[in-house]
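Chemist: For reference, the sequence and a predicted model appear below.
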Amino acid sequence: MSLPASPSESLARWRHDRFGMSLHFGLYSVAARGEWVRSTERLTDAEYQTYFDRFNPEPGWAVEWARLAKAAGARYAVLTTKHHDGFCLFDSALTEFKSTNTPARRDLVREWVEAVRAEGLAVGLYYSLVDWHHPDCPATGDRQHPLRHHPDSPARDAKCDWSRYVAYLHGQLIELCTNYGRIDSLVVDFSYWDYAGEKWGATEIQKKLRALQPWLLLNDRWGNEPRKKIPRPAYAGDYEQTEQNIPREGLRDDAGQPMPWEGWFTLTNSWCFSATDHAWKSPAAIIRALVNCVSKDGNLLLNVSPDARGRVPAPARRILAEIGEWLALNEDSIRGAGPAAFAKPEWGRFTQKGDTLYAHLTEPVIGNISLQGLRGRVRDGRLLANNAAVLITDFWNPGVQTFDAPDDIFFNFASPTACTFPLPDERDTVVAFTLNDDAATAAERARLDAARAASIADRRPF
Ligand code: GLC
């Protein structure tokens, strides 16, 4: 596939790929108690310096993570180049607060970009608009600045010059889009209060970045106005992000147009490496969340973070490998797939791509498995993982069955079809069906109905 040349082509590729991975990596990885640690514990620059002095990820970390992301089935990978603490993982000419000045003495963004590109994944860079280190960002009265209650802050804030910060912000984004070759997407974080939109000089900098990287995909956090509102501001970005949440249905703007979106989730309950958070989500939970997103026309961005050495935590390695194994077998139901034209089934979800309907079974079903409203519509049922045929069938005893299901058809993994067979994959068993067009559906329904009537007349089970 040739590389996208415009934001809309990037968006199309991103929507096709459906699954990405993000990493939070920085000085807070050494603290290992949350990337907000500077804010929550109100640490001064001097107190936070201890993590700077100890930041020294092992060489090769980026290659390891890029391979892991690829093996997990991610098609794009996003790294925090600067989080709210202001620490830069790149060799910015505009600050000394950067990885090249830590014991690591290396540009980690360069290592990351090269490793991700080598795996053929799209390169995503996260950049925090918020900055708790920069002297031109006011602290007093701010909602989250670490120095918000510090007695020296009013004097410090008196010297703040917002235009200097905006120049810094723009300068760094230009560095990121100039010094590292092709960047596929930029994920900014976050807007609040009046720190939003043009306060960041959003329209102007987006224009400059797109002049450097004409295909650059942008997320929605440049502003904080209701995203659905029409007209959307010029800096609105290309897609929406939900955080630790999957919407009930896909997202639509106030004009009813579908909005591309991505659910962003952590593999534990933390964004960065935490020494005490062992709440690992199971592979099944992630697989089902991915299917949930795709069934609503969304993507899933899974965040997994390195420890202070840059290593992959052992549980993450195991979970990601299992997700990748499932995805490799069931990829057709995810990549390039989206919502189905049919209501959510009782036992799981549907996704659809062209005339293929993918039934994702996540709940064990007893007896025949129903396809409600799909009588005559489906043919050629097969297990996506191994192409084994499944049986499409009517009631096993149409004359005796006491409830009426004129629009339904059933399937099962083996016969007798009234029996119960364990799900071949408890995480999510995917059955692919080919969809009949209207004419073929009418013909198939007529055939099924005639067979059902004959069976009733004969009092003979199928
Ligand atoms: C929130 C948090 C931040 C995290 C981000 C990821 O905005 O502030 O720490 O990086 O979510 O979506």
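Modeler: Now that the structure is in, tell me what you want to look at. Fair warning: this is a prediction, and the values are worked out from it, not measured in the lab.

Chemist: Which residues of this structure lie near the ligand?
Modeler: Proximity of the chain to the ligand is confined to 24, 35-36, 189-190, 243, 264, 271 under the rule C-beta under 6 Å from any ligand atom. Heads up, the C-betas are built off the backbone N, CA and C, glycines and all.

Chemist: If you rank the residues you listed by neighbours, which is first?
Modeler: Neighbour count (other C-beta atoms under 10 Å) singles out Glu35 as the most crowded of these, with 25 neighbours.

Chemist: Could you double-check that it lies in contact with Phe273?
Modeler: No. With contacts counted by C-beta atoms under 8 Å, Glu35 stays clear of Phe273, the gap being 9.3 Å.

Chemist: Now do the shared contacts for the two.
Modeler: Shared contacts of Glu35 and Phe273, defined by C-beta atoms under 8 Å, 6 or more residues apart in numbering, are found at His24.

Chemist: Just to be sure, Val430 is in a strand?
Modeler: Yes. With DSSP: H, G, I helix; E, B strand; the rest coil as the criterion, Val430 is part of a strand.

Chemist: mind checking how far the residue nearest to it when sequence neighbours are not counted is from Arg156?
Modeler: Nearest-residue entry for Val430: Leu384, 4.1 Å, with adjacent residues in sequence omitted and distances by C-beta to C-beta, 6 or more residues apart in numbering. Using C-beta to C-beta, to the nearest Å, we find Leu384 at a distance of 59 Å from Arg156.

Chemist: Look up how far Pro154 lies from the residue of the stretch 301-450 of the chain found nearest the ligand.
Modeler: As assessed by C-beta to the nearest ligand atom, the ligand sits closest to Asn303 within the stretch 301-450 of the chain, at 6.9 Å. As defined by C-beta to C-beta, Asn303 lies at a distance of 36 Å from Pro154.

Chemist: Those two - which one has more neighbours?
Modeler: Asn303 (22 against 12).

Chemist: residue contacts, that one?
Modeler: Asn303 is in contact with 21-24, 264-267, 271, counting by C-beta under 8 Å, 6+ apart.

Chemist: All the helices of the stretch 351-462 of the chain, in order from the start?
Modeler: Remark: helices assigned in the stretch 351-462 of the chain by DSSP state H, counting those that start in this stretch are 438-458.

Chemist: And for the stretch 101-250 of the chain?
Modeler: In chain order, the stretch 101-250 of the chain shows helices spanning 108-118, 153-158, 162-178, 202-212, with DSSP H, counting those that start in this stretch as the criterion.

Chemist: Please work out which of those helices is packed deepest.
Modeler: Neighbour counts averaged per stretch over the helices of the stretch 101-250 of the chain are highest for helix 108-118, at a mean of 22; criterion: mean count of other C-beta atoms under 10 Å.

Chemist: Looking at the residues of the chain next to the ligand, which one is closest to Asp332?
Modeler: Proximity of these to Asp332, judged by C-beta to C-beta, is greatest for Trp264, which lies at 24.5 Å.

Chemist: Pull the contacting residues for that closest one.
Modeler: For Trp264, the set of contacting residues under the criterion of C-beta under 8 Å, 6+ apart consists of 22, 241-244, 301, 303.

Chemist: ok, the residue lying closest to Tyr358 once chain neighbours are set aside - how many residues close by?
Modeler: Using C-beta to C-beta, 6+ apart and skipping the chain neighbours, the partner closest in space to Tyr358 is Ser333 (3.7 Å). One way to gauge burial is a neighbour count; for Ser333, by other C-beta under 10 Å, it gives 29.

Chemist: for Ala359, same thing?
Modeler: Neighbour count of Ala359, defined by other C-beta under 10 Å: 26.

Chemist: Could you report the neighbour count for the nearest residue to it once chain neighbours are set aside?
Modeler: Of all residues beyond its chain neighbours, the one nearest Ala359 is Val431 (4.4 Å), with distances taken as C-beta to C-beta, 6+ apart. Residues contacting Val431 under the criterion other C-beta under 10 Å number 24.

Chemist: for Arg67, same thing?
Modeler: Applying other C-beta under 10 Å, we find 15 other residues in the vicinity of Arg67.

Chemist: for Cys293, what are its contacts?
Modeler: The contact partners of Cys293, by C-beta under 8 Å, 6+ apart, come to 18, 246, 262-263, 299-300.

Chemist: Max pairwise distance over the residues you listed: which two?
Modeler: Spatial extent of the contacts of Cys293 (C-beta to C-beta) is set by the pair Arg18 and Ile246 at 13.5 Å.

Chemist: More neighbours: which of these two?
Modeler: The neighbour comparison of Arg18 against Ile246 (other C-beta under 10 Å) goes to Arg18, with 27 against 16.

Chemist: From Ala31, how far out is the more buried one?
Modeler: The value you get for Arg18 to Ala31, if C-beta to C-beta is used, is 33 Å.

Chemist: pretty sure Thr178 contacts Leu209?
Modeler: No. Here Thr178 does not reach Leu209: they are 9.5 Å apart, not a contact under C-beta under 8 Å.

Chemist: now the strands for the stretch 251-400 of the chain?
Modeler: Counting by DSSP state E, counting those that start in this stretch, the segments of the stretch 251-400 of the chain that form strands are 251-252, 258-259, 261-266, 298-303, 348-353, 356-361, 369-371, 378-383, 391-393.

Chemist: May I see those arranged in CSV, with mean pLDDT as well?
Modeler: Listed next are these as CSV, based on pLDDT from 0 to 100:
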stretch, mean pLDDT
strand 251-252, 95
strand 258-259, 95
strand 261-266, 98
strand 298-303, 99
strand 348-353, 98
strand 356-361, 99
strand 369-371, 97
strand 378-383, 98
strand 391-393, 96
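
Chemist: Kindly reformat the ones you listed as a markdown table containing distance to Pro315.
Modeler: Listed next are the strands of the stretch 251-400 of the chain as a markdown table, based on distance: least, C-beta to C-beta, whole Å:
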| stretch | distance to Pro315 |
| --- | --- |
| strand 251-252 | 32 |
| strand 258-259 | 34 |
| strand 261-266 | 13 |
| strand 298-303 | 14 |
| strand 348-353 | 26 |
| strand 356-361 | 25 |
| strand 369-371 | 33 |
| strand 378-383 | 29 |
| strand 391-393 | 39 |
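
Chemist: wait, what's in contact with Arg210?
Modeler: Counting by C-beta under 8 Å, 6+ apart, Arg210 makes contact with 7, 216.

Chemist: Show me where the stretch 51-200 of the chain dips below the pLDDT cut-off.
Modeler: Under the criterion pLDDT under 70, no range of the stretch 51-200 of the chain is flagged.

Chemist: quick one: the strands in it?
Modeler: Listed from the start of the chain, the stretch 51-200 of the chain has strands (DSSP E, counting those that start in this stretch) covering 76-82, 122-128, 185-189.
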